[in-house]
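A.B. asks: prediction below, plus the sequence it came from.
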Amino acid sequence: AVLLPLVTRLLGDGPEPVRAALATVLAADGAAAGAPLRRELREHLFAHEHEPAVLDALLHAAARCAGEELRDLVHRTGLLLVRSPDGATRFDRALVDLARHLPGFATRLTGWLTDAPQDWDALVGPSTRRTIERLAGVRVPA
């Protein structure tokens, strides 16, 4: 109860490096007892964050999670990032980077793209799709 207003304020108007650090913590797997608070703070972040660097930090942290919320975190972060050309470029580059360096991420991503292509069409560019297909060894619908 004491931390919620403080962290919410930092997420709202704190310096960009602080918001990026908090985004990383909020995306990470943690103790089950803290999950509702992390979820609430992530919702605040999704509602108010516009800086590509902060969203990129969230994406990279989320990709390393094992939880069921991974797809949703990656998708929602992508929706926010692609609102600007810089953000769209960051999102594509981040997906390629994560697919190359994070074991299993390319396979997960191809699964999401295959299962719900309409959800990802506007988010994932053709060159990123080709790279992910090559890394995962699976064809992704265009």
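C.D. replies: Happy to help now that I have it. Residues are numbered from 1 along each chain as shown.
A.B. asks: C-alpha only now, for contacts and for neighbours.
C.D. replies: Noted.
A.B. asks: flag the shaky bits of the protein, pLDDT-wise.
C.D. replies: Applying pLDDT under 70 to the chain flags residues 1.
A.B. asks: which strand or helix spans the most centrally placed residue in the chain?
C.D. replies: Nearest to the geometric centre of the chain sits residue 59, at 2.8 Å (CA atoms, centre = their mean). In this structure, residue 59 sits in helix 52-63 according to DSSP states H and E.
A.B. asks: so after that helix, what's the next helix or strand?
C.D. replies: Where DSSP H and E defines the elements, the next helix or strand beyond helix 52-63 is helix 70-81.
A.B. asks: which stretches in this structure count as helices?
C.D. replies: 3-13, 16-27, 35-48, 52-63, 70-81, 85-101, 105-115, 117-120, 126-136 (DSSP state H).
A.B. asks: what distance do you get for residue 52 to residue 118?
C.D. replies: Note on residue 52: its distance to residue 118, by CA to CA, to the nearest Å, is 23 Å.
A.B. asks: so the two - more neighbours on which side?
C.D. replies: Neighbours per residue, other CA atoms under 10 Å: of residue 52 and residue 118, the larger number sits with residue 52, 22 against 12.
A.B. asks: what is the helix holding residue 59 packed up against?
C.D. replies: Under the contact criterion of 3 or more CA pairs under 8 Å, 6 or more residues apart in numbering; DSSP states H and E, helix 52-63 touches helix 16-27, helix 70-81, helix 85-101.
A.B. asks: what does the second one rub up against?
C.D. replies: With CA atoms under 8 Å, 6 or more residues apart in numbering as the contact definition, helix 70-81 has outside contacts at 27, 46, 50, 52, 55-56, 58-59, 62-63, 87-88, 90-91, 112, 120, 123.
A.B. asks: grab the nearest non-local neighbour of the residue nearest to the centre of the chain.
C.D. replies: Excluding the flanking residues, the one nearest residue 59 by CA to CA, 6 or more residues apart in numbering is residue 74, at 6.0 Å.
A.B. asks: picking up where we left off before, most tightly packed of the helices of the chain?
C.D. replies: helix 52-63 (a mean of 23; mean count of other CA atoms under 10 Å).
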